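Trainee: Next comes the sequence, and after it the predicted model I'd like to discuss.
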Amino acid sequence: MKRNTILCTAITGAAVALSFAVGAVQAQQPIVIKFSHVVAQDTPKGLAAEFFAKKAAELTKGKVKVEVYANSTLYKDKEEMEALQVGAVQMLAPSLAKFGPLGVKEFEVFDLPYIFDNYAELHAVTTGKVGQNLMAKLEPRGIKGLAFWDNGFKAFSANTPIKTPDDLKGKKMRIQSSKVLEEEMRALNALPQSMAFSEVYQALQTGVVDGTENPISNFYTQKMHEVQKHLSLTNHGYLGYAVIVNKKFWDGLPADVRGQLEEAMKQSTKYANDIAKQKNDEDLKSVQASGKTVIYNPTDAEKLAFKKALVSVHKKMESRIGADIINEVYSVTKFDPTKL
Ligand code: LMR
């Protein structure tokens with residue numbers, strides 16, 4: 001959808017909101033929250049969005065209706081950010097790798113290869129000072145950050161086996177719109193191609209790109225296993241989300257309703273983070289059962305070779321992300337690039 005269309009939708013939306021306000025007393029219309037996202041319903045984010053819709057209705061006693069639009073049915077990656085800013089939708093949960101184009105490059109710290117070993121380290125960062133400071137950076141852009149939701153750790157896929165960093169050399173690899181991920185692919189001598197999530201399956205099918213990286217839940221639910229013969233469980237990076245709302249909309253809610261929605265979000269965040277690993281584990285079994293993709297589990301020595309090949313990305317991206325943020329994350333996760 002083009003920017004003009006988004007603007008028109010927003011203007012129409014505002015007009016509709018106004019006419020609702022006029023008739024509000026008689027009609028008792030619920031407050032509608034459009035929650036747009038790009039993944040399938042049966043993913044950690046898709047399920048958590050549905051959970052939030054249910055909790056929001058329950059806790060506000062029907063005063064709020066959350067409409068979830070999954071699978072890019074309303075907007076694709078870049079458009080959904082614009083739509084949120086102009087108020088055409090109220091809530092999103094973009095991947096942390098997609099905040100650069102919004103001007104908040106610091107979120108790309110989450111994309112640094114191997115910076116997190118596990119979910120526990122990740123949570124120590126998102127629930128701590130770094131998480132709070134990152135969310136605060138969104139406010140001048142008219143956006144409020146409500147929560148961090150997990151997906152998982154990424155695997156590389158292609159049509160040829162991936163056991164060593166050299167196996168990705170010369171391959172066109174689809175990435176999310178993050179400069180850190182671009183640099184990650186360059187460090188492997190691959191050719192990064194940034195592309196909307198909704199276009200990945202077709203790009204893989206038609207050979208526009210040779211491979212990609214994603215947590216297994218995204219890989220499986222987008223049926224990428226049908227068009228990728230090899231998957232390597234490198235766990236070389238994390239993919240998760242920030243749940244964000246249009247700030248003006250959020251601040252304009254009646255205080256009691258906002259409080260109930262905050263509670264609904266708290267419960268949904270726990271739910272999201274409880275199911276993320278389990279969903280990814282289940283989907284890995286489904287990929288295996290499909291018999292279409294060979295799953296490879298790299299040895300410790302092979303993982304170390306990937307780490308060594310990718311560690312340079314941390315230093316290269318320091319000026320973009322900020323040494324202070326990177327060092328704060330290191331101090332929590334105990335990642336030490338000099339020890340590799
Ligand atoms: C991707 O574009 O690969 C992911 O950000 C999709 C998502 O929202 O998990």
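Mentor: Yes, it's here. Numbering: from 1, shown residues only.

Trainee: shaky segments in the stretch 51-200 of the chain?
Mentor: Within the stretch 51-200 of the chain, no stretch has pLDDT under 70.

Trainee: Kindly report the residues of it close to the ligand.
Mentor: Ser95, Asn151, Gln176, Phe197 (C-beta under 6 Å from any ligand atom). Just so you know, the C-beta spots here come from the backbone N, C-alpha and C atoms, and that holds for glycine as well.

Trainee: Quick check on the first one: phi, psi?
Mentor: Same thing as Ser95. Ser95 adopts backbone torsions of phi -60, psi 150, taken as degrees, to the nearest 10.

Trainee: Tell me if I'm right that it and Gly237 touch.
Mentor: No: the pair Ser95 / Gly237 is not scored as a contact, 11.2 Å apart, by C-beta atoms under 8 Å.

Trainee: all strands for the stretch 1-150 of the chain, in order.
Mentor: Counting by DSSP state E, counting those that start in this stretch, the segments of the stretch 1-150 of the chain that form strands are 31-36, 64-69, 91-92, 143-153.

Trainee: winner for burial among those strands?
Mentor: Greatest average neighbour count among the strands of the stretch 1-150 of the chain goes to strand 91-92 (a mean of 26), per mean count of other C-beta atoms under 10 Å.

Trainee: neighbours of Trp250, just the number please.
Mentor: By other C-beta atoms under 10 Å, the residues close to Trp250 number 18.

Trainee: And for Ala301?
Mentor: Ala301: 8 neighbours (other C-beta under 10 Å).

Trainee: what do you get for Lys266?
Mentor: For Lys266, using other C-beta under 10 Å, the count is 13.

Trainee: go on, Ser312?
Mentor: Neighbours of Ser312 (other C-beta under 10 Å): 16.

Trainee: got it, and Gly259?
Mentor: Neighbour count of Gly259, defined by other C-beta under 10 Å: 13.

Trainee: Mind telling me what element it is part of?
Mentor: Taking DSSP states H and E as the criterion, Gly259 maps to helix 255-290.

Trainee: That helix: which residues count as buried?
Mentor: 257, 260-261, 264-265, 267-269, 271-273, 275-277, 279-280, 283-284, 287 (16 or more other C-beta atoms under 10 Å).

Trainee: Near the ligand, list only the ones from the residues you listed.
Mentor: Near the ligand, by the rule C-beta under 6 Å from any ligand atom, you find none of the buried residues of helix 255-290.

Trainee: thinking again about what came up before, could you pick out the buried ones from the residues of the stretch 51-200 of the chain next to the ligand?
Mentor: Buried by 16+ other C-beta under 10 Å: Ser95, Asn151, Gln176, Phe197, out of these.

Trainee: now, which of those residues sits nearest Ile216?
Mentor: Using C-beta to C-beta, Asn151 comes nearest to Ile216 of those, at 9.5 Å.

Trainee: pretty sure that closest one contacts Gly46?
Mentor: No: with contact defined as C-beta under 8 Å, Asn151 does not reach Gly46; the gap is 10.4 Å.

Trainee: Return the residues in contact with the residue sitting nearest the centre point of the chain.
Mentor: Centroid check for the chain by C-alpha atoms, centre = their mean gives Ser95 as the closest residue, at 1.7 Å. For Ser95, the contacting residues are Asn151, Gln176, Leu239, Gly240, Tyr241, by C-beta atoms under 8 Å, 6 or more residues apart in numbering.

Trainee: Which members of the residues you listed are positioned in strands?
Mentor: Among the contacts of Ser95, the members falling in strands (DSSP state E) are Asn151, Leu239, Gly240, Tyr241.

Trainee: Compile the residues you listed into TSV and extend it with columns for distance to Val104.
Mentor: Shown next, in TSV, are the ones in strands among the contacts of Ser95 (distance: C-beta to C-beta, whole Å):
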residue	distance to Val104
Asn151	19
Leu239	17
Gly240	15
Tyr241	14
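
Trainee: ok, so of those residues, who is nearest Asn133?
Mentor: Closest to Asn133, out of all of these and judged by C-beta to C-beta, is Gly240, at 16.7 Å.

Trainee: thinking again about what came up before, with respect to Val86, which of the contacts of Ser95 is nearest?
Mentor: Of the contacts of Ser95, the one sitting nearest to Val86 (C-beta to C-beta) turns out to be Tyr241, at 21.1 Å.

Trainee: ok, the closest one touching Ala97?
Mentor: No: contact criterion C-beta under 8 Å: Tyr241 and Ala97 do not qualify, at 9.8 Å.

Trainee: Relative to the ligand, how far out is Ala255?
Mentor: Distance of Ala255 to the ligand, computed by C-beta to the nearest ligand atom, to the nearest Å: 31 Å.

Trainee: In terms of secondary structure, what does the helix holding Gly259 contact?
Mentor: Packing partners of helix 255-290 (3 or more C-beta pairs under 8 Å, 6 or more residues apart in numbering; DSSP states H and E): helix 44-59, strand 64-69, helix 119-126, strand 143-153, helix 216-221, strand 294-296.

Trainee: neighbours around the nearest residue to Tyr238 once chain neighbours are set aside, how many?
Mentor: Using C-beta to C-beta, 6 or more residues apart in numbering and skipping the chain neighbours, the partner closest in space to Tyr238 is Phe116 (5.0 Å). Burial measure for Phe116: 23 neighbouring residues, criterion other C-beta under 10 Å.
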